[in-house]
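*Asks:* whatever this is, show me its structure:
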Amino acid sequence: DVHVPIGPEGVAGDEPAAIIKSLQRTGRTEGRVIRVVEWAGCRAPDQTVLSRCMEPLESSNCHTEYWLVADHPEGAQACFDRFHRLGAALRFEPVAPEDQQMSMLEEGPLRPATAELQLLHSDRIPIDHAGWKLLCRLAVPGGLAVVLHEPGCDFRADAGWSTVHAGTHATVLRAPATDGEDFDTGPIPGPRWVLGETGSWAESWAARFDDAHVHCVPSELFEASQFELLDEWPFAGELRAVDFFCSRDPNDPTGEGVVTSFIALVQALVARRLGSAADPCRLTVVTHGAVLDVEDPRAQVLWGAVRSMAMEVAADAALDFRLVDLGSQEDLSVLERLACVDVRESELAVRDQCLWSPRVVSKDALYVPLQTGGDASYKLTVPNPGQLDGLQMKTYQPAELDDDSVEIEVSAAALNFRDIMVALNMLPPAAYEQSALGTEIGIEGSGTVRRVGSGVLQHRPGDEVVFTKGGCIANRVVVHQHTVFRKPSCLNPIQGASVLSVYTTAYYALMHLARLRKGQRVLIHSAMGGVGLAAIALAKHVGAEIYATAGNDEKRNKLRALGVREVFDSHSFDWYDGLMDCTRGEGIDVVLNSLSGRHVALCLEALRPGGWHCEIGKVDIFADNALNMFVFRKNLRFAAIDIDRLMLEDPRLTHEICRACLELFEQGLVPPLPVTVFPYHKYAEALRLMMSGQHQGKLVLEAPPRPSESGLLIADRQPYLDPDATYLVTGGLGGIGLHVLSYLVVSGARHLTLMDRDPQRRRSVEWIRKESYLSLIDFDYKIEIVTADVACEEDVSRCIAGLSRPLKGVFHLAGVIDDHLLVDMPRESVATVFAPKARGALNLHRATIDCPLDYFVMFSSVASTFGNPAQANYSAASAFLDGLAAWRRCRGLPGLSFNTAAIKEAGMAARNLHVLRMVQASGMPPVSARFCLYNLDYAMRARPDHDHLITALFRNPPWPRTSPAYMRTGHLVNNADAFRLDAGGQFTVDYVVEQIAAKVAELSGHEDGSVEEPLSAFGLNSISVAELGAFIQSQYQFQVSALELMTTATCLSLAEAIVTGKSNAAEKQVEDEVHNPEEAVRFNRTVARQPSVFAAEPEDHFPLATPEPVVS
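*Replies:* So this is what the prediction gives:
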């Protein structure tokens, strides 16, 4: 949450993209958040200025919001379809020419004084006086307008506009510094109350009004919370403005006193106005040095409190809450001007007569890159499951080399369709019930042996090998010796990496189970994939008669060239009739099937008596679809093939099958597969090619010889905390605290001191190990629990004085919630919440002020930034932490306020069902503890000089364009959501149904079918299911599980869920866990089995293996 200046500075030239870049720059760390409005008229998407400005808009440090105003809905829709998936905040607004007038600014994001830059095309020339007035009202004071025109075009700007640059094809104009019609009107009509604390600027402010309708309330009344007679105050019945001024009170260092009195004031106002307020009343809270360059963290508690108050009572009590922070008393002149106008900014800071506004900005590069020259181990991980863009190379600690292990320097790693399913989070939990490969991406590779365990006799350092291992897209892995094999001499490392998974699958199905032999007929579905080509090679080796299917003519022709007797269309059910015709109605002996739905029944019908159906598809299995049993009267055999599961359940058989396949290569009896090679740093490009289904054979990633020469961006996850220092944790015995303790140990800490205010709970070190992930960690570490209350200054001092090692970090997690609606919130509730959170933070700050700390981290809440109903007390206490962190950073001290959303499986919110429901409804659903820790890790590693990080997921956030909060947060709203909610775009159920149905038809080859028919009836195979899920995720930012697509989903049900914002599968899982804890325990027991020797080690999955998507 950063503050940026309002109003553009100097620019040069007339190229819009360059002007946008210039406007985005500030003298501070963060880029400016600006709003650009293009009046596009009837232009096609490629004729808009937007089409030429994507480069600056998609840059990582860009937080600009770009509005494109089209004359007709069709134009807005076309631009939406063309641009909305790009990585920029884009809004598309259809406004008819006759409606492009002042009234359009009365509500919505196109509001007065919001646009730093406007772009006009020549068809708007000449501009009449009303048009210039509209542009002037829309611009911020001194805002820019670029008029694009033909050479030699002569036009005149309206009075007050000045020319900044006159070019051949464009002219840059600057709007008047003020809009006289606004600033000359004087204060808003009606009476005003002015009140504040002792020593505030309230009296100086009241003296500026030569008006009998201003009442200055004595500070004693406020500080004593004497509001019982508020109805008798002057103008109580016709009040139009209340200005409250906060001072600096050393006797109230946390702000508990001022926020308690302010809550009492607002309670009295609300009671007076509920049901009787005819006119709105602007309530402005004026602070001094509370934000921006923080001088007084105490005052920031009012910012937190007001944000929650506004959510609760603003509408019902007709109170228009405003927050203004002044840098000096001279800035009162700007406040006087603000009292005259409505800039539609609910929060402002004034410094040296200039306005600054807060903006929530999203951070993209959530890691610290690995420095060149090191020898760290790294691998490709899935920290952001559900989208291919969420993959990340990061450092990791391989498992220790035990007696039966082999350490391998990876040369190449192959991609498999399973990797797509894992990356897109589309495999159901049942897929991992018995999994040797785990939840990581990359399952096979080749490389050179570095070291071997004492029990390894078959391999020596320097041997070239091939292997299977979950998470092998890495530079170095440790693998059990039973899944490592000598590379056949006839294969190079690229070829070697590509053969194990496909050949073992085909060999197990056709040779081991079906006993395919010479003269038998075999049908291989989707035969141009890796398994299909391996199956063809094995069938040719034994002399079988081969039939196949493929998805397009090019693939079918290539299969014929490989010697396949007949090839059919895998997207159509007609293959059955064609096959039976070719075999004179006899059918086949073996089928290797990956298709789903009706295809399975046709495969069984096509089998001769005694035939084998070998099922390598997963769609029908995970969907638990039924088989018609009558066909099995022919002595048919049905086998489901899952090599991942077989590795765990019968490792000896799997080992022998792998050896048999490699022996065939060594003897030259089967060929290697065709491969397409990508360097490691193009892993996303390779995965997208695989997802498209346009590749043939195998895709292989080639490892670089050295990371410095790879072009890779590797996130540094190596331990960074000092193992010889002590780290102090408050609140470490709570739900999220236990997660943080585990994280600190994994990150290098070896000495932790915990403060426990309640020894009666008997929470010992043994209890901590049992209840946390520390039970999975083998590191030596020491935890000391000290009986102390962080809210007691003497306890804190005693705890720190008793430390035997240097204190390098403080992690303050202590806190309680005591929720009350504002009108019912008692004074005691504020004290209850402030004691551990705000007063505890202040005590820690004072006790460690002279300690050479590396980290001072305070767990705040998104409530301080966005507000939460019924949490004005908690918002205020959390805001004190925000202010204290900023105050420390301004003085060169470490300080981080870590603002988290509710954490669904731990922490205070997890114990309060109504809180979870409330935050779900607010558009910021609960986040996982893993997601929280992932962001904490980013903040501590990558942003040591920043004082603030918000950790939340913004899912359908409730910031309509009429909301004042839209100015601060609106650019975070997803483009599709904004178009649907704000611009009246054609984002209807019918529109989305049409798009999904077209995609289903493309994937299945079937144009006919009802939109209410289950997608499983269309015969989608596993690849098609994954591609459909990826299409929905990328097109609509909606994640749907593969299981749902395989079973109940229809085009209509998906469209309704997308358009109405109904909770998707991931959110429903959270609800299920909350409402049915017994079921969650049962499922956890199901998967809490003894790991196989082939399974990924526990530390590979902890604690940051698969955090959720980071938005901001």
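
*Asks:* quick one, helices of the stretch 801-950 of the chain?
*Replies:* 827-834, 840-847, 863-866, 872-890, 907-910, 913-921, 929-942 (DSSP state H, counting those that start in this stretch).

*Asks:* of all those, which lies closest to residue 532?
*Replies:* Nearest to residue 532, of all the helices of the stretch 801-950 of the chain, is helix 929-942, at 37.5 Å by CB to CB. Backbone N, C-alpha and C define where each C-beta goes, glycine included.

*Asks:* how about the helices of the stretch 801-950 of the chain in a markdown table, adding mean neighbour count and distance to residue 355?
*Replies:* As requested, these are arranged in a markdown table below (neighbours: other CB atoms under 10 Å; distance: least, CB to CB, whole Å):
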| stretch | mean neighbour count | distance to residue 355 |
| --- | --- | --- |
| helix 827-834 | 19 | 31 |
| helix 840-847 | 24 | 30 |
| helix 863-866 | 28 | 20 |
| helix 872-890 | 28 | 19 |
| helix 907-910 | 22 | 36 |
| helix 913-921 | 16 | 32 |
| helix 929-942 | 22 | 29 |
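
*Asks:* closest one to residue 122 among those?
*Replies:* Here helix 863-866 is closest among these (CB to CB), at 42.5 Å.

*Asks:* residue 133 is in contact with residue 158, isn't it?
*Replies:* Yes. Between residue 133 and residue 158 there is a contact at 7.4 Å, judged by CB atoms under 8 Å.

*Asks:* give the burial count for the closest residue in space to residue 45 that isn't next to it in sequence, as a bare number.
*Replies:* Spatial nearest neighbour of residue 45, chain neighbours left out: residue 82 (3.8 Å); criterion: CB to CB, 6 or more residues apart in numbering. Neighbour count of residue 82, defined by other CB atoms under 10 Å: 16.

*Asks:* report the contact partners of residue 82.
*Replies:* 45, 46, 51 (CB atoms under 8 Å, 6 or more residues apart in numbering).

*Asks:* give me the buried entries from the residues you listed.
*Replies:* residue 45 (16 or more other CB atoms under 10 Å).

*Asks:* of the contacts of residue 82, which is the nearest to residue 287?
*Replies:* For the contacts of residue 82, the nearest to residue 287 is residue 51 (43.7 Å; CB to CB).

*Asks:* quick one: mean pLDDT for stretch 339-358?
*Replies:* Regarding stretch 339-358, the rounded mean pLDDT is 84.

*Asks:* now do the end-to-end distance for that stretch.
*Replies:* Stretch 339-358 stretches 19 Å from its first residue to its last (CA to CA, to the nearest Å).

*Asks:* so residue 410 makes contact with residue 478?
*Replies:* No. In this structure residue 410 lies outside contact range of residue 478 using CB under 8 Å: 11.2 Å.

*Asks:* surely residue 151 is in a strand?
*Replies:* No. Assigned with DSSP: H, G, I helix; E, B strand; the rest coil, residue 151 falls outside any strand and is coil.

*Asks:* surely residue 317 is in contact with residue 267?
*Replies:* No. Assessed by CB under 8 Å, residue 317 is found out of contact with residue 267, at 10.3 Å.

*Asks:* who has more neighbours, those two?
*Replies:* For residue 317 and residue 267, the more surrounded residue by other CB under 10 Å is residue 317, and the numbers stand at 23 against 20.

*Asks:* you'd agree the more buried one is in a strand?
*Replies:* No. Assigned with three-state DSSP, residue 317 falls outside any strand and is coil.

*Asks:* tell me the contacts of it?
*Replies:* Applying CB under 8 Å, 6+ apart, the residues near residue 317 are 269, 270, 273, 274, 277.

*Asks:* now, which of those sits nearest residue 681?
*Replies:* residue 270 (58.0 Å).
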